[in-house]
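# My questions concern the predicted model and sequence given below.
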Amino acid sequence: ETGVTQTPRHLVMGMTNKKSLKCEQHLGHNAMYWYKQSAKKPLELMFVYSLEERVENNSVPSRFSPECPNSSHLFLHLHTLQPEDSALYLCASSQAGTGNYGYTFGSGTRLTVV
Amino acid sequence: GNSVTQMEGPVTLSEEAFLTINCTYTATGYPSLFWYVQYPGEGLQLLLKATKADDKGSNKGFEATYRKETTSFHLEKGSVQVSDSAVYFCALREPFNSGGSNYKLTFGKGTLLTVNP
């Protein structure tokens, strides 16, 4: 596979569940990102990993927990979410520190919290 | 902080019409600027970019020119097609931590374009 792959594509979870979103990139990039896309709002940057080191956005609630075991994989662990967390979660990757490149995005995971 | 403002939309056009989607930004310095497109059910795809003032990015018939005087990066296409129906996002690239090599993209809210046959 090429590009950025996110699984699952759709997820429905209760507020007491624990689930994880997965992102995998096959581009040789060294930086990965989680964005949240909600209706009528700009994309919100949640977390950045560069060279496998987390550069955290401190405004993200602790019920979201990222993990980056290597430069190709990124996870977002979810627990005790709220209905307002329902959104499209997008993963992206880039080559950090070189030039002025944009990001490559995955197709996203559509999360519904019930 | 830095920000991006783009026209809210939705924008509805007939096929072969001229398209303009306005984008202005607020930033310190001269950040790189991007347009991304999101087709239904998909993630964002890079459409075009410009890295310095007066640069013109172009791709698939779309163009945008980096105007530092007006802090704008308006997206244009001379003749739209039904297949151009999507959400378009303007974005700027800025450092996430000062002095570091980490960057983030700050996006506008997106503009929904619908092209009718």
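All right, it came through fine.
# Let me know the pLDDT of residue 23.
In the absence of a named chain, chain A is used. Residue A:23 is assigned a predicted lDDT (pLDDT) of 98.
# My question was about chain B, not that one.
The model reports residue B:23 with a pLDDT of 97.
# list the contacts for it?
Residue B:23 makes contacts with B:4-7, B:33, B:35, B:64, B:72-75, B:90, B:108, as judged by Cβ atoms under 8 Å, 6 or more residues apart in numbering or on different chains. For every residue, glycine as well, the C-beta is placed using N, CA and C.
# That one bridge partners, please.
residue B:6 (DSSP bridges).
# So what's the gap between the helix or strand of chain B with the lowest mean pLDDT and the chain middle?
Using mean pLDDT, DSSP states H and E, strand B:103-107 stands out as the lowest-scoring helix or strand of chain B, at a mean of 85. Remark: strand B:103-107 is offset 13 Å from the chain centroid, using Cα atoms, centre = their mean, to the nearest Å.
# For it, which outside residues touch it?
If you take Cβ under 8 Å, 6+ apart as the criterion, strand B:103-107 is touched by A:33, A:42-43, A:45, A:48, A:94, A:96, A:102-103, B:2-4, B:34, B:36, B:89-96.
# Can you give me the buried ones in that strand?
B:103, B:104, B:105, B:106, B:107 (16 or more other Cβ atoms under 10 Å in any protein chain shown).
# Looking at those, spot the one nearest chain A.
residue B:107 (4.4 Å; Cβ to the nearest Cβ).
# The closest one bridge partners, please.
Under the criterion used (DSSP bridges), residue B:107 bridges to residue B:91.
# for residue B:62, same thing?
residue B:59, residue B:77.
# for it, what are its contacts?
By Cβ under 8 Å, 6+ apart, the contact list for residue B:62 reads B:35, B:47, B:48, B:75, B:76, B:77.
# how about a cut-off of 10 Å?
Residue B:62 makes contact with B:19, B:21, B:35, B:37, B:47-48, B:75-78, B:80, B:84, B:88 under the criterion Cβ atoms under 10 Å, 6 or more residues apart in numbering or on different chains.
# Now which of the residues you listed would you call buried?
Buried among these (16+ other Cβ under 10 Å): B:19, B:21, B:35, B:37, B:47, B:48, B:75, B:77, B:80, B:84, B:88.
# hmm, which two among those residues are most spread apart?
B:48 and B:80 (15.3 Å; Cβ to Cβ).
# circling back: from the contacts of strand B:103-107, which land in strands?
Judged by DSSP state E, the subset of the contacts of strand B:103-107 located in strands is A:33, A:45, A:48, A:94, B:3-4, B:34, B:36, B:89-95.
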